[in-house]
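J.: What follows is a predicted protein model with its sequence.
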Amino acid sequence: MKTMILMASILCLSISFAACSDDNSPVITDKNLNETTTFFSSTESNNYTTYYKPYVGYVGDPMPFFDPVSKEFRILYLQDDRDGNSTIYHPIHELATTDVANYISFREAIPCGTAVEDDPAIGTGSTVYDEATKTYYTYYTGHKATEPREVILLATSKDCKIWTKDRSFRLSAPIEAGYDKNEFRDPYVFYDATAQCYRMLVSALKNGDGYIIEFTSTNLHDWDLKPEPFFNNIWGRFYECPDVFQMGSYWYMVYSSQGTKNEPAVVQYFYAQTLEELKGIAVENGQFPTFVPHEGWLDGVSFYAGKTAGDDTNRYLWGWCPTREGQKTTGTKSWAGALVAHRLIQNGDGTLSLDVPQAISAKYSQSVTLAEKTKVGDVTVNTSSYTLKANSFVRFARLRSRNKITMTATIPEENEAVFGLSFVDCSDKAEKARIFIEDKYNFLKLKEVEVNEKTGEWNDAGAITERAITPAADNVYHIEVYTEESVCVVYINGRYAFTNRIYDLAKNPWAIFCTEGEVTVSDIKLSTY
């Protein structure tokens, strides 16, 4: 009997250890898995915390703001359940965070309406807090199948958790001014201290051209249309998710371009020294006015619907990284995915850079031993660095589900190199998902390419995603990579962010490579949490 009890106790203890096993570690199907470099297929976990997604469903357009009462960031977002309902969808859910690295979910905040109301489907909006009435106001887009398809609606709250729809409020497109009654969405509201009024910006369409139009109010309920649009059409763009803010001595407008036949859908921005100058940006004969600075992309084409919020110290940009059809890195982008946040850096000339939020960097604090597995091509090994020439790579052991990779890449003077990091870099699969840092061609690119295991030669392929960069003036690239499951975010020199979805990245080998020129990669560190 004692023997049976002892055996039962051991069995229960074994089950307990198995149940508490670290999901961040590879699932060991055989004891030598960590010694191999062949492809390992595992089911992607729903446990996203840094790049948040709900356990069921996905994160759509985020609507962040800093709550002056709780002193935390609140992120309302469109919940994408993907349940097949084409009439009632995208209720607003709510998150809170104090550090932009960990989130608390309050689940559904503003539900969808019925099929006969204005908001069976919900679109992007924004939130402001009115100190005088101690009330939170969230303006959002109501969308339905019948005309007018889109109107601006309102929900209010006293605690920023329990929301009540104000059915007395309904703002429709000013058709008398020529605006399309069916394309009228994404309200963004902010307080203009100079004018002592609230301003609401709305994405609109007029004669087929995209505009951002402006309303003003002193009581957050009655809104007057300004005669001139806040922003006019540029090259056929439709401006989604507008966000206007002041940072230092500059004013900015961040928006998501829906994409044109010549441009992909990306998050972009303009800036000027005053709000009036920002409003005055216009295109005449295809040219911007010389007195208004303007800039381009923030991140790449796998980061969308970016909007910002700031406290007294930092301002952050939140957007979503899409999933891809068939859970394939090369698959078509789907709407919604995981929540990704960057820290906005203001440069001396007013331009913006993106860097990792400090708390995310600190979160990946558990050091992991770097284990080299394979060297191919012309590779020179020094004490703490590798020098790689064209068609060479160095493969390392399997990653965890959550990884931080840091390194410094140095290019010889007058040498133009192409190099980068390779994921799902398995010895039994020719296809590798490679992040190319093209110092020679001024681009960051994600490609899935075929690589010869013996020679390091590779067959080029079209970019899945890409973005332009300015090469490092000193030929030095400080690289930080943060991954969680299939989300991969690369930061270059604290200036550029490049977000992507790379399936099977977790629990498979990875590599550094060079395809043109020469690069020395040093101080490689790997960590997790």
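T.: It's in.

J.: Need the phi and psi values for the nearest residue to D81 once chain neighbours are set aside.
T.: Nearest residue to D81, sequence neighbours excluded (Cβ to Cβ, 6 or more residues apart in numbering): G57, at 4.5 Å. Just so you know, the C-beta spots here come from the backbone N, C-alpha and C atoms, and that holds for glycine as well. Main-chain dihedrals, G57, degrees, to the nearest 10: phi 90, psi -170.

J.: do the same with A359
T.: Note on A359: its backbone torsions stand at phi -70, psi -30 [degrees, to the nearest 10].

J.: so it touches T50, yeah?
T.: No - counting by Cβ atoms under 8 Å, A359 sits too far from T50 to count as a contact (9.3 Å).

J.: Break this protein down into its domains, please.
T.: In terms of domains, the chain is parsed into 58-362, 366-528 (source: automatic domain parsing).

J.: Nearest to S42, out of these?
T.: S42 lies closest, by Cβ to Cβ, to one member of the domains of the chain: domain 366-528, at 5.5 Å.

J.: How far off centre is the closest one?
T.: Remark: domain 366-528 is offset 20 Å from the chain centroid, using Cα atoms, centre = their mean, to the nearest Å.

J.: likewise stretch 295-303?
T.: 9 Å.

J.: What are the boundaries of the strands in the stretch 201-350 of the chain?
T.: Taking DSSP state E, counting those that start in this stretch to define them, one finds strands in the stretch 201-350 of the chain at 209-217, 224-225, 239-247, 250-257, 266-272, 294-298, 304-310, 315-324, 333-346.

J.: Output the ones you listed as a markdown table; include the columns mean neighbour count and distance to E480.
T.: A markdown table is the format used below for these (neighbours: other Cβ atoms under 10 Å; distance: least, Cβ to Cβ, whole Å):
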| stretch | mean neighbour count | distance to E480 |
| --- | --- | --- |
| strand 209-217 | 20 | 34 |
| strand 224-225 | 15 | 45 |
| strand 239-247 | 21 | 23 |
| strand 250-257 | 23 | 23 |
| strand 266-272 | 21 | 20 |
| strand 294-298 | 17 | 17 |
| strand 304-310 | 25 | 19 |
| strand 315-324 | 24 | 16 |
| strand 333-346 | 22 | 12 |
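
J.: Now do the helix or strand hosting H478: which elements does it pack against?
T.: Taking DSSP states H and E as the definition, one finds H478 inside strand 476-484. Under the contact definition 3 or more Cβ pairs under 8 Å, 6 or more residues apart in numbering; DSSP states H and E, strand 476-484 sits against helix 358-363, strand 402-410, strand 431-438, strand 487-492.

J.: in it, what counts as buried?
T.: Neighbour counts over strand 476-484 (16 or more other Cβ atoms under 10 Å) mark Y477, I479, E480, V481, Y482, T483, E484 as buried.

J.: now stretch 177-197
T.: By neighbour count on 16+ other Cβ under 10 Å, the buried set for stretch 177-197 is Y179, D180, K181, E183, F184, R185, D186, P187, Y188, V189, F190.

J.: Using TSV, lay out the helices and strands packed on strand 476-484 together with distance to L278, mean pLDDT and mean neighbour count.
T.: Shown next, in TSV, are the helices and strands packed on strand 476-484 (distance: least, Cβ to Cβ, whole Å; pLDDT from 0 to 100; neighbours: other Cβ atoms under 10 Å):
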stretch	distance to L278	mean pLDDT	mean neighbour count
helix 358-363	29	98	18
strand 402-410	36	98	21
strand 431-438	33	98	23
strand 487-492	27	98	24
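
J.: any idea what sits nearest V476, other than its immediate chain neighbours?
T.: That would be T410: by Cβ to Cβ, 6+ apart, it lies 5.2 Å from V476.

J.: wait, isn't that neighbour in contact with D523?
T.: No - counting by Cβ under 8 Å, T410 stays clear of D523, with 10.3 Å between them.

J.: how about D83, what does it touch?
T.: Taking Cβ atoms under 8 Å, 6 or more residues apart in numbering, we find D83 in contact with Y89.

J.: no no, T216
T.: With Cβ under 8 Å, 6+ apart, T216 has these contacts: A195, C197, Y198, R199, M200, W223, D224, K226.

J.: which of those residues sit farthest apart?
T.: A195 and W223 (14.2 Å).

J.: measure G84 to R107 for me?
T.: To R107, G84 is 21 Å away according to Cβ to Cβ, to the nearest Å.

J.: Please identify which of these two sits among more neighbours.
T.: A count of neighbours by other Cβ atoms under 10 Å puts R107 above the other of G84 and R107, at 10 against 6.

J.: Next, that one: phi, psi?
T.: Dihedral angles (degrees, to the nearest 10) for R107: phi 60, psi -140.

J.: so it touches L95, yeah?
T.: No - with contact defined as Cβ under 8 Å, R107 does not reach L95; the gap is 9.5 Å.

J.: Straight-line length of stretch 373-391, end to end?
T.: In stretch 373-391, first residue to last residue: 17 Å (Cα to Cα, to the nearest Å).

J.: ugh, wrong one, I meant stretch 295-313
T.: 24 Å.

J.: that older thread, of all the strands of the stretch 201-350 of the chain, which one comes closest to G113?
T.: Minimum separation from G113 across the strands of the stretch 201-350 of the chain (Cβ to Cβ) falls at strand 333-346, 20.2 Å.

J.: same for that closest one, what does it pack against?
T.: Short answer (3+ Cβ pairs under 8 Å, 6+ apart): strand 333-346 packs on strand 58-67, strand 72-80, strand 315-324, strand 352-355, strand 487-492, strand 496-501.

J.: swap the cut-off to 6 Å and go again
T.: strand 58-67, strand 315-324, strand 352-355 (3 or more Cβ pairs under 6 Å, 6 or more residues apart in numbering; DSSP states H and E).

J.: partners of the shortest one, with directions?
T.: Think strand 352-355. Applying DSSP bridges, strand 352-355 is found paired with strand 333-346 (antiparallel).

J.: L298 against Y271, yeah?
T.: No - L298 is beyond contact range of Y271, at 11.6 Å (criterion: Cβ atoms under 6 Å).

J.: circling back to that earlier point, between the domains of the chain, which one is nearest to E35?
T.: Of all the domains of the chain, domain 366-528 sits nearest to E35, with 8.2 Å by Cβ to Cβ.

J.: What's the end-to-end length of the closest one?
T.: End-to-end distance for domain 366-528, by Cα to Cα: 5 Å.

J.: Which of the buried residues of strand 476-484 sits closest to I512?
T.: Closest approach to I512 among those (Cβ to Cβ): I479, at 9.7 Å.

J.: which ones are touching the closest residue to that closest one other than its chain neighbours?
T.: Spatial nearest neighbour of I479, chain neighbours left out: M407 (5.2 Å); criterion: Cβ to Cβ, 6+ apart. Going by Cβ atoms under 6 Å, 6 or more residues apart in numbering, M407 touches I479, V521, I524.
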